[in-house]
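1. Here is my input; please provide its structure:
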Amino acid sequence: MAEPRWLDEREARAWRGFYTMHRRLDGAINRQLTRDAGLSAADYEILVPLSEAPGQRLRARDLGRLVNWEKSRLSHHVGRMERRGLVTRQGCPTDARGAFIQLTDSGRRAMETAAPGHVETVRGCFIDLLSGDELETLASIADRVIQRIDEGAPQDATDTDCGGKSTQRLR
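-> Okay, the predicted model is just below:
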């Protein structure tokens with residue numbers, strides 16, 4: 001097995017900076033959503049596509065694809081949201097194994113309560129710190145990384161990297 005291509009100083013700085021930034025942004029967003037509306041970032045991640053969908057409902061499998069969640073994670077989280085009255089789960093008349101996830105009035109109100117603070121947090125901690133050129137560059141980088149992952153995403157992230165080569169660890 002070939003020696004891994006370890007990250008050099010510049011690469012490690014970029015990776016660790018991105019990773020730390022992502023985690024801290026996620027924390028700031030979670031705190032804001034909890035404070036303003038009693039929601040988690042995961043709740044909000046589910047509520048947004050439901051609020052934008054026709055009839056404010058989606059097939060569970062389609063919602064899972066939109067948020068990039070495993071079936072079991074989605075099912076468990078939707079169950080918790082359902083118990084809190086944010087969504088309902090309805091059987092699919094054409095597929096007994098399928099279900100629709102429907103945004104409730106309570107879920108819509110929670111999202112509407114959270115949205116102004118959410119956008120202010122995103123702006124204050126991220127968007128407003130970047131120039132127009134930096135935003136364009138970041139969007140381009142994000143598109144490229146997402147495309148690479150989507151094209152070569154491994155079934156088990158411990159088995160292969162995005163290029164399909166076997167890996168043992170990441171430093």
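2. what's the model's confidence in the helix or strand that contains Arg24, averaged?
-> Per DSSP states H and E: Arg24 is located in helix 9-37. Averaged across helix 9-37, pLDDT comes to 97.
3. Name the residues of it that are buried.
-> Ala28, Ile29, Asn30, Gln32, Leu33, Asp36, Ala37 (16 or more other C-beta atoms under 10 Å). Yep, even glycine has a C-beta here, placed from its N, CA and C like the rest.
4. what about the chain, any weak spots by pLDDT?
-> 153-171 (pLDDT under 70).
5. how about the helices in the protein?
-> Under the criterion DSSP state H, helices of the chain are mapped to 9-37, 41-52, 60-67, 71-83, 105-125, 132-152.
6. and Leu66, how many residues sit next to it?
-> 16 (other C-beta atoms under 10 Å).
7. So it sits against Ala60, correct?
-> No. The pair Leu66 / Ala60 is not scored as a contact, 10.7 Å apart, by C-beta atoms under 8 Å.
8. Now do the same contact list for the closest residue to Ala114 other than its chain neighbours.
-> Counting by C-beta to C-beta, 6 or more residues apart in numbering, Ala114 lies nearest to Ala37, which is 3.7 Å off, once chain neighbours are set aside. By C-beta atoms under 8 Å, 6 or more residues apart in numbering, the contact set of Ala37 is Ala110, Met111, Thr113, Ala114, Gly117.
9. if I pick the residue nearest in space to the middle of the chain, what's in contact with it?
-> The chain has Val67 as the residue nearest its centroid, 5.5 Å off, counting by C-alpha atoms, centre = their mean. Contact analysis of Val67 by C-beta under 8 Å, 6+ apart lists Glu45, Ile46, Pro49, Leu74.
10. With Gln102 instead?
-> Leu50, Gly55, Gln56, Arg57, Val87, Thr88, Arg89, Gln90.
11. Quick one: residues contacting the third one.
-> The reference is to Gln56. Leu50, Gln102, Leu103, Arg108.
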